[in-house]
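Peer 1: sequence-free structure coming up:
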Ligand SMILES: [Zn+2]
């Protein structure tokens, strides 16, 4: 007997092909039948006519490494249909936990109850113990490995002993089932690493068939040089490459994505596996400290993170000073009577050095061009911290489906689903997921293509979307009628398993 039959939904299977009205039967955690009509006996029959049934969304750009352990219901993820989160992006990795907790402090605050773990094998065991609502796969984070081996943030090359320790931690992570390694070459301490250091570590990743994922060294004036460096690291190490949050930041750099996309196309034409991810917004979100350090508010064109005016910067999270959240940097420029960079520095030194901001700086035309490109998949880059997080943490997937598919026709519905499911599963080695196929795990989303839309805005960002009533993880309803259904059936996913 089947456990569940979903009847009459338009099944968009995640491969990019057109939707078909079908019944889908589930037994245990697997999809076991797909047919125009399933008559077999089932514990539950669920009428889903008028809705689209797609594979659960795979968020390739998650920063919820600790969140999945601390708040395993991960509301901002599950309510938008995410059934697998790939954590450890931009170089911020979970293991070892001593270095990880310091490294991650500003973006994903560790709590006192958070356990310790030595490496990725133990981190993934903790994920299984926490039994989160969604599946979790991990990238090894370069910052964390470097911080751990070198004893802090060091602006110098590693010694031979330190490099050996970093290599060993990458080896441990890959053996434990991490899907690859990420870097964040604008942030400390990754920004102090040479290309050669990254290649040395990526060699270990490549040997295990993992990915090299990068928040590149420069997404502004130096965007194209950074793409070149990233492609070189992939080629030299034999790793498939994922460019994180593909974009060109700062007005004077708008339009450069046409060339960066072309560079990816050329690499693909030469046989290299190169893709990218994107969140569908024109503001980035990051640490205020990092923007200052990268020259965002200095004179001239700005540095590696591009330029933003103080009026374009909104404070998302200011630990200890919640009433600052939602205010613009410009309001502090006026209050302190200081120029932008000095006002930012005063906030960091007098109030909190863990401030997260949303900073406008990208072009809407670029967002569309990147989204429409065959190399691009979707990821949230969500940082659900503070009272006014960047809305991408809550709205990425419904925003693509509502605004960019239905309202603007930038991509087709089938292509959007592919970029959220089949494409990331294939790229990140997430086995038996990402496609609605007999034998695959039953990670599924039911949504209404006529109404689906994000609810999160910059002013009011911790808001669930509309039109995503049901989410199933490993055969269990995680969300039913828009509410948590009580199950926590997610698992740690290990590469290829
Ligand atoms: Zn990043």
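Peer 2: Structure's in. What do you need? Keep in mind that what you see is a predicted model, and the values were worked out from it rather than measured. Residues are numbered from 1 along each chain as shown.
Peer 1: list phi and psi for the nearest residue to residue 158 once chain neighbours are set aside.
Peer 2: Spatial nearest neighbour of residue 158, chain neighbours left out: residue 150 (5.8 Å); criterion: Cβ to Cβ, 6 or more residues apart in numbering. Backbone N, C-alpha and C define where each C-beta goes, glycine included. In terms of degrees, to the nearest 10, the main-chain angles of residue 150 are phi -100, psi 0.
Peer 1: what about residue 155, how many residues close to it?
Peer 2: Neighbourhood size, residue 155 [other Cβ atoms under 10 Å]: 8.
Peer 1: need the contact list for it.
Peer 2: By Cβ atoms under 8 Å, 6 or more residues apart in numbering, the contact list for residue 155 reads 189, 192.
Peer 1: likewise residue 132?
Peer 2: So residue 132 contacts 68-69, 72-74, 488, 490 (Cβ under 8 Å, 6+ apart).
Peer 1: repeat that for residue 105.
Peer 2: Neighbour list for residue 105: residue 354 [criterion: Cβ under 8 Å, 6+ apart].
Peer 1: next one, pLDDT for it please.
Peer 2: Among the per-residue scores, residue 105 holds a pLDDT of 92.
Peer 1: now swap in the one 5 residues further on and tell me
Peer 2: Taken from the predicted model, the pLDDT recorded for residue 110 is 90.
Peer 1: host element of the nearest residue to it once chain neighbours are set aside?
Peer 2: Using Cβ to Cβ, 6+ apart and skipping the chain neighbours, the partner closest in space to residue 110 is residue 101 (4.2 Å). Per DSSP states H and E: residue 101 is located in helix 97-103.
Peer 1: go on, residue 370?
Peer 2: With DSSP H and E as criterion, residue 370 is part of helix 364-372.
Peer 1: buried sites along that helix?
Peer 2: 366-367, 369-371 (16 or more other Cβ atoms under 10 Å).
Peer 1: interface residues of this protein facing the ion?
Peer 2: 90, 215 (Cβ under 5 Å from the ion).
Peer 1: could you chop the chain up by domain?
Peer 2: As given by automatic domain parsing, the domain ranges for the chain are 2-55+435-484, 57-282+362-428, 285-359.
Peer 1: next, the contact list for whichever residue of the stretch 351-497 of the chain sits closest to the ion, please.
Peer 2: Proximity to the ion, evaluated over the stretch 351-497 of the chain using Cβ to the ion, is greatest for residue 381 at 6.2 Å. Residue 381 sits next to 61, 63, 89, 244-245, 279, 285, 392 when contact means Cβ under 8 Å, 6+ apart.
Peer 1: next one: phi and psi at residue 478?
Peer 2: Dihedral angles for residue 478 - degrees, to the nearest 10 - are phi -90, psi -40.
Peer 1: for it, give me its contacts.
Peer 2: 78, 83, 133-134, 471-472, 484-485, 487-490.
Peer 1: go through those and flag which are in strands.
Peer 2: 83, 471-472, 484 (DSSP state E).
Peer 1: next secondary structure after the helix holding residue 101?
Peer 2: Next along the chain from helix 97-103, counting by DSSP H and E, comes helix 120-130.
Peer 1: other SSEs contacting that following helix?
Peer 2: helix 67-70, strand 135-141, helix 160-176 (3 or more Cβ pairs under 8 Å, 6 or more residues apart in numbering; DSSP states H and E).
Peer 1: can you do 6 Å?
Peer 2: Here helix 120-130 touches helix 160-176, going by 3 or more Cβ pairs under 6 Å, 6 or more residues apart in numbering; DSSP states H and E.
Peer 1: quick revisit: nearest to residue 320 among the buried residues of helix 364-372?
Peer 2: Residue 320 has its nearest neighbour among those in residue 367, at 33.8 Å by Cβ to Cβ.
Peer 1: so what pLDDT did that closest one get?
Peer 2: 98.
Peer 1: do the one 3 residues further on as well
Peer 2: With respect to pLDDT, residue 370 scores 98.
Peer 1: residue 425 now?
Peer 2: 98.
Peer 1: residues in contact with the residue nearest to it when sequence neighbours are not counted?
Peer 2: Once flanking residues are discounted, residue 425 sits nearest to residue 434: 2.5 Å by Cβ to Cβ, 6+ apart. Residue 434 makes contact with 14, 55, 58, 421-422, 425, according to Cβ atoms under 6 Å, 6 or more residues apart in numbering.
Peer 1: which of these count as buried?
Peer 2: If we count by 16+ other Cβ under 10 Å, the contacts of residue 434 have these buried: 14, 55, 58, 421-422, 425.
Peer 1: find the closest residue to the ion in the stretch 51-200 of the chain.
Peer 2: Counting by Cβ to the ion, the stretch 51-200 of the chain gets nearest to the ion through residue 90 (3.4 Å).
Peer 1: good, we can wrap up now.
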